[in-house]
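Asks: Here is a sequence together with a model predicted from it:
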Amino acid sequence: MENKIVYLNGDYLPLPEAKVSVLDRGFLFGDGIYEVIPSYSGHLFHLDDHLQRLENSLAGIRLSNPHSRLEWQAILEPLLDANFDQYIYLQITRGTASKRDHAFPENVPVTVFAMCSNIVPFAGLNVGVKAISMDDTRWQLCNIKAITLLGNILHRQAAVDKGCAEALLVKDGYLVEGAASNVFAVFDGVLITPPKTNEILPGITRDVILDLARKNNIAFSEDKILFADIQSASELWVTSSTREIVPIVELDGVMIGDGKPGPVWHTMHTILQAYKQSLL
Ligand SMILES: Cc1ncc(COP(=O)(O)O)c(C=O)c1O
């Protein structure tokens, strides 16, 4: 096991020494939420937006935020190494109760865990990846970044089993998002992504891309994407903090566009890299 230093409930410890009780509600029920925050050369990317989403996720499961934004920053920064592009994994659970009971325990402190890992550049970024589509079998609160990820895991594994990088999820005939990503499509030169509802996680990368599209005069709209229309899209992408913007060049064995990352992807990828640099 890696011997890196992680944060657990106020202490910085070597990873093998960081232990939680088997009665922790994260372990027993998946009763908690998390965040994934990228860091470039030691600078946390859009930290405020990630901490706002953390706040929303906590409110969504009726937990109060144990720390102010400045406290969170002070907790996370010592985990970073400025020599690498990294990401923080931060998890908060409803803590350890004295017995297993679905109802919330009273006066139990939350469990806070954070660790940092290096971002491994995603192979396939420049050539694109394959994906499958699946009916979305997750729950109705996908806007909460819950650690209860069984639905997402089963979808992603189904994609991996077919040699694909992602599963695109379809609900009531509409494309909603990926198993661990948001989705964008280009129709007639216009970038489209589904609106923020309880059916998707409000991705920070998604919002950054829309903001960059606005500032760079790239036509876009937040609209529902009918799955039946996908074959007429010239480009299809998935986005997330650790993989950034990944072009999908084949869906369910059928080529998207000309089977290569498209021009809008090239433009947006370049703009995003320049934007990241500008923040350092
Ligand atoms: C289900 C789901 N949607 C979207 C995203 C993208 O969110 P972000 O851009 O904040 O990483 C993720 C990230 O892991 C995810 O798990």
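Replies: Done, it's in.
Asks: Could you list the low-pLDDT ranges of the stretch 51-200 of the chain?
Replies: Nowhere does the stretch 51-200 of the chain drop to pLDDT under 70.
Asks: For residue 178, list the residues it contacts.
Replies: By C-beta atoms under 8 Å, 6 or more residues apart in numbering, the contact set of residue 178 is 131, 166-169, 238, 240. Every residue, glycine included, has its C-beta placed from N, CA and C.
Asks: please redo it, this time with the cut-off set to 7 Å
Replies: Contacts for residue 178 (C-beta atoms under 7 Å, 6 or more residues apart in numbering) come out as 166-169, 238.
Asks: Pull the most distant pair out of those residues.
Replies: Greatest spatial distance among these (C-beta to C-beta): 169 and 238, at 10.8 Å.
Asks: now residue 13, nearest residue through space, not along the chain?
Replies: Excluding its sequence neighbours, the residue lying closest to residue 13 (C-beta to C-beta, 6 or more residues apart in numbering) is residue 6, at 6.1 Å.
Asks: a strand runs through the one you found, doesn't it?
Replies: Yes - when DSSP: H, G, I helix; E, B strand; the rest coil is applied, residue 6 is found to be in a strand.
Asks: Could you number the chain from 532 rather than 1 from now on?
Replies: Fine by me, first position is 532 from now on; the one you just mentioned is residue 537.
Asks: count of residues packed around it?
Replies: With neighbours defined by other C-beta atoms under 10 Å, the count for residue 537 comes to 19.
Asks: Show me what the host helix or strand of residue 565 packs onto, helices and strands only.
Replies: Taking DSSP states H and E as the criterion, residue 565 maps to strand 563-571. Using 3 or more C-beta pairs under 7 Å, 6 or more residues apart in numbering; DSSP states H and E, the elements in contact with strand 563-571 are helix 578-591, strand 617-624.
Asks: Tell me which of the ones you listed sits nearest to residue 779.
Replies: Comparing these by C-beta to C-beta, strand 617-624 comes nearest, at 22.1 Å.
Asks: pull the CA atoms of the closest one into PDB?
Replies: C-alpha atoms of strand 617-624 as PDB (Å, rounded to 0.1, in the frame of the first residue of the first chain):
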ATOM      1  CA  GLN A 617      -3.200  15.900  -8.800                       C
ATOM      2  CA  TYR A 618      -6.700  15.500  -7.400                       C
ATOM      3  CA  ILE A 619      -8.000  15.500  -3.900                       C
ATOM      4  CA  TYR A 620     -10.600  12.900  -3.000                       C
ATOM      5  CA  LEU A 621     -12.600  14.200  -0.100                       C
ATOM      6  CA  GLN A 622     -15.300  12.200   1.700                       C
ATOM      7  CA  ILE A 623     -17.700  13.000   4.500                       C
ATOM      8  CA  THR A 624     -19.900  10.300   6.100                       C
END
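Asks: So what angle separates the directions of that strand and strand 563-571?
Replies: Counting by axes from the mean of the first three to the mean of the last three C-alpha atoms, to 10 degrees, strand 617-624 points 170 degrees away from the direction of strand 563-571.
Asks: quick one on the thing from earlier: can you tell me which residues contact the residue nearest to residue 544?
Replies: 544, 546, 549, 645-646.
Asks: Save the residues you listed as JSON lines, and put in distance to residue 798 and neighbour count too.
Replies: As requested, those are exported to JSON lines (distance: C-beta to C-beta, whole Å; neighbours: other C-beta atoms under 10 Å):
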{"residue": "544", "distance to residue 798": "44", "neighbour count": "14"}
{"residue": "546", "distance to residue 798": "40", "neighbour count": "13"}
{"residue": "549", "distance to residue 798": "43", "neighbour count": "17"}
{"residue": "645", "distance to residue 798": "35", "neighbour count": "22"}
{"residue": "646", "distance to residue 798": "35", "neighbour count": "18"}
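Asks: circling back to that earlier point, any chance of the helices and strands packed on strand 563-571 in TSV, plus distance to the ligand?
Replies: Putting the helices and strands packed on strand 563-571 into TSV (distance: least, C-beta to the nearest ligand atom, whole Å) gives the following:
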stretch	distance to the ligand
helix 578-591	7
strand 617-624	9
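Asks: Point out the most buried one among the ones you listed.
Replies: Most buried of the helices and strands packed on strand 563-571 by mean neighbour count (mean count of other C-beta atoms under 10 Å) is strand 617-624; its value is a mean of 22.
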